[in-house]
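Participant: Provided below for reference: sequence and predicted model.
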Amino acid sequence: MSLWRALGAETMNHLASRPGARAVTLVMVSLAFVVFNTFLLVSWNLERLLHRELQAVRIEAFLSPDLSQTDGRNLADLISTMNGVRSVYYVSVSEAEALFRAEMPEQERLLDLLSGRFQLPASIQVSLKPDYDDEAGVRALARAIQGLEGVTEAVYGEEYLPGLTRAVSAFRKLLLFLGTVLAVSIALVVAYTVRLSALRRSLTVEVMSIVGAPDWFIVAPFLVEGTVTGLLGALGGLTLSLLLSAILQGAVGHAFVPPGLSLTVVLFGGATGAVGAALGIRPGRHSGGSSK
Amino acid sequence: MLIDMEGVSRSYGRWPALDNISLQVARGEFVVVSGPSGAGKTTLLRLIWMGDLPDRGLVQVAGFRSDKIRRRDFAGLRRRIGVVFQDFRLLPDRTVFHNVALPLVVSGASGRATRKRVFSLLALMGLSHRRNSLPHQLSGGEQQRVAIARAMVAHPLILLADEPTGNLDPDASAKVIQHLIDINRGGTSVVMATHDPRRIPPGSARFLFLEGGKLAGADRWHDLEDQR
């Protein structure tokens, strides 16, 4: 029991000592996390933007002229039950003509010339579910819709969707790569900053080892100190990033990273702080006994 | 034997610090190891407290063997050994009391037992009035006496002193030497490394001479004394 109390006192002694050096370490760690949070912020918002683009993808199913309006609406109901479909909208012949005239007024005369000989087909506009945004899935759904009786053609933007999904996929891979590189760099910065702080106490480690302190007794206060430093540094970085985000909000509209991701980053800070302390403090090295 | 070294060698790179050393120290013995700077005195002491391990040969101290010791055993070994250094190695941000108490604190001794033992040792060393001082507020002699108190506080079997008077004036050195002799008379084995063994009263210790990493024995020391 006395040993645990002594360990608690030793840990508190670590946390209370050298406030100046600790402040410098915290600033360093916080700045490292500002960089990391900025990357997350930019990535998060770009990802949202791309996701919104993919959400705009729709399938348009053109219906046979022989199909009555009632059959067309029934077909729309059927399509709405298909996997990946969020909503459907039935566009009647008259509505299609009205839409054409509204969207292409310069072609209105052509429509008048063809009146009686040609009519725009009725169609069903199909919106997709939020997670249904890969090109293969959209193509499969379009084929399924095209296979339905009464549907003459189903189009979905074949000319740009493959390129868009490839670009999004490449972009996500790039973000993952950059994020990993940055996370490792941040971990190293935090770990080595905490490690330098720990190395300043090499005399304490050496003396503790010489007077017979067990390794865990020597290491534990440093691990707590490193973890606390990492956590506080990450929290400091998060606070600074929130401030930065609020300042920039007026100039560039954006959303801050979700709380869950922010919490993960703070926990990541604590873990890297602990690893840094563990790297900095190896009692065996100071005692010479590590060669065994 | 409390300390038994058999054919021990230790090199750092190409430089042999110790070469085929054999040394036995009995319980309650006072051994003075002298020799010029770089002779291997500090390495010899480090091998005894196993701050370093031999390249060849075997070191046995208080039942711990250098060839079998595990990482977790070092703490147990070092609680049986007190070590005093030339540069004191006191923790600068802790008071005299807390520096002396450290070996008891890390071994889980109760607060009451720790206070009782530390106060009695500080009184013995003439440092009671300094118990709340920080190391930098003490003279060199006082710091070394604090270091000796720290080394003795956990009742070690062996006290190792590496040039304990190296940074002290003659008066402070004499006091430190007397403390070491008193500690030895109390039953603790003492191994002291010094480049100037003349400070130790003849007859109070066994003298060994270390030169170029080899033990030359007492004769060599007497030869040098005669040349003086």
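Facilitator: Structure received. Numbers count the residues shown, from 1 in each chain, chains lettered A, B, ... in the order given.
Participant: got any ranges where chain A has weak pLDDT?
Facilitator: A:1, A:131-133, A:197, A:282-292 (pLDDT under 70).
Participant: can you pull out the strands in it?
Facilitator: According to DSSP state E, chain A carries its strands in the segments A:58-63, A:85-91, A:123-128, A:151-155.
Participant: a markdown table for the ones you listed, including distance to A:F256 and mean neighbour count?
Facilitator: Any C-beta I mention is one placed from the backbone N, CA and C, and that applies to glycine too. Formatted as a markdown table, the strands of chain A follow (distance: least, CB to CB, whole Å; neighbours: other CB atoms under 10 Å in any protein chain shown):
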| stretch | distance to A:F256 | mean neighbour count |
| --- | --- | --- |
| strand A:58-63 | 30 | 22 |
| strand A:85-91 | 27 | 17 |
| strand A:123-128 | 27 | 21 |
| strand A:151-155 | 38 | 17 |
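Participant: and the closest residue to B:S107 other than its chain neighbours, what does it touch?
Facilitator: Leaving aside its chain neighbours, B:S107 sits nearest to B:R79 (5.8 Å; criterion: CB to CB, 6 or more residues apart in numbering or on different chains). Residues in contact with B:R79, defined by CB atoms under 8 Å, 6 or more residues apart in numbering or on different chains, are A:V211, A:G212, B:P103, B:S107, B:A154, B:P156.
Participant: mind doing that once more with 7 Å?
Facilitator: A:G212, B:P103, B:S107, B:A154 (CB atoms under 7 Å, 6 or more residues apart in numbering or on different chains).
Participant: now do the same contact list for residue 142.
Facilitator: By default, I'm working from chain A. A:I59, A:A154, A:Y156 are the contacts of A:A142 under CB under 7 Å, 6+ apart.
Participant: can you look at chain B instead?
Facilitator: B:L127, B:R130.
Participant: now it: phi and psi?
Facilitator: Torsion angles at B:E142 (phi, psi; degrees, to the nearest 10) stand at phi -70, psi -40.
Participant: let's have the contacts of B:R79 in TSV, adding neighbour count, distance to A:F33 and secondary structure.
Facilitator: Formatted as TSV, the contacts of B:R79 follow (neighbours: other CB atoms under 10 Å in any protein chain shown; distance: CB to CB, whole Å; DSSP: H, G, I helix; E, B strand; the rest coil):
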residue	neighbour count	distance to A:F33	secondary structure
A:G212	24	39	coil
B:P103	27	40	helix
B:S107	21	40	coil
B:A154	22	44	coil
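Participant: adding distance to B:K116, write these out as CSV.
Facilitator: Formatted as CSV, those follow (distance: CB to CB, whole Å):
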residue, distance to B:K116
A:G212, 20
B:P103, 15
B:S107, 15
B:A154, 13
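Participant: so which of the strands of chain A comes closest to chain B?
Facilitator: strand A:123-128 (60.6 Å; CB to the nearest CB).
Participant: ok so, going back, take the strands of chain A and write them to a markdown table, including distance to chain B.
Facilitator: Listed next are these as a markdown table, based on distance: least, CB to the nearest CB, whole Å:
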| stretch | distance to chain B |
| --- | --- |
| strand A:58-63 | 67 |
| strand A:85-91 | 62 |
| strand A:123-128 | 61 |
| strand A:151-155 | 70 |
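Participant: any chance of TSV for those strands, columns distance to B:Q60?
Facilitator: Shown next, in TSV, are the strands of chain A (distance: least, CB to CB, whole Å):
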stretch	distance to B:Q60
strand A:58-63	84
strand A:85-91	80
strand A:123-128	78
strand A:151-155	88
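Participant: and what about B:P36, helix, strand or coil?
Facilitator: coil (DSSP: H, G, I helix; E, B strand; the rest coil).
Participant: for it, give me phi and psi.
Facilitator: phi -70, psi 170.
Participant: could you find the residue nearest the spatial middle of the chain?
Facilitator: By default, I'm working from chain A. In chain A, the residue lying closest to the centroid (CA atoms, centre = their mean) is A:W44, at 5.0 Å.
Participant: I was after chain B.
Facilitator: B:L160 (1.6 Å).
Participant: which element, helix or strand, includes that one?
Facilitator: strand B:158-162 (DSSP states H and E).
Participant: just after that strand, pick out the following helix or strand.
Facilitator: Immediately after strand B:158-162, counting by DSSP H and E, sits helix B:170-185.
Participant: for that next one, output the C-alpha coordinates as CSV.
Facilitator: Only the C-alpha atoms of helix B:170-185 are listed here, as CSV (Å, rounded to 0.1, in the frame of the first residue of the first chain):
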residue,chain,number,x,y,z
PRO,B,170,40.8,17.6,3.4
ASP,B,171,38.6,18.3,6.4
ALA,B,172,35.4,17.1,4.7
SER,B,173,37.3,14.1,3.2
ALA,B,174,38.4,13.1,6.7
LYS,B,175,34.9,13.2,8.0
VAL,B,176,33.6,11.1,5.1
ILE,B,177,36.3,8.5,5.5
GLN,B,178,35.5,8.3,9.2
HIS,B,179,31.9,7.8,8.4
LEU,B,180,32.8,4.9,6.1
ILE,B,181,35.0,3.4,8.7
ASP,B,182,32.2,3.6,11.3
ILE,B,183,29.7,2.1,8.8
ASN,B,184,32.2,-0.8,8.3
ARG,B,185,32.6,-1.3,12.0
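Participant: and A:L176, how many neighbours?
Facilitator: 11 (other CB atoms under 10 Å in any protein chain shown).
Participant: and the gap between it and A:Q55?
Facilitator: 21 Å (CB to CB, to the nearest Å).
Participant: do B:A123 as well
Facilitator: Counting by CB to CB, the separation of B:A123 from A:Q55 is 82 Å.
Participant: over to B:A62?
Facilitator: Per CB to CB, B:A62 is found 75 Å from A:Q55.
Participant: neighbour count: the two, which is higher?
Facilitator: Comparing B:A62 with A:Q55 by other CB under 10 Å, the one with more neighbours is B:A62, at 18 against 15.
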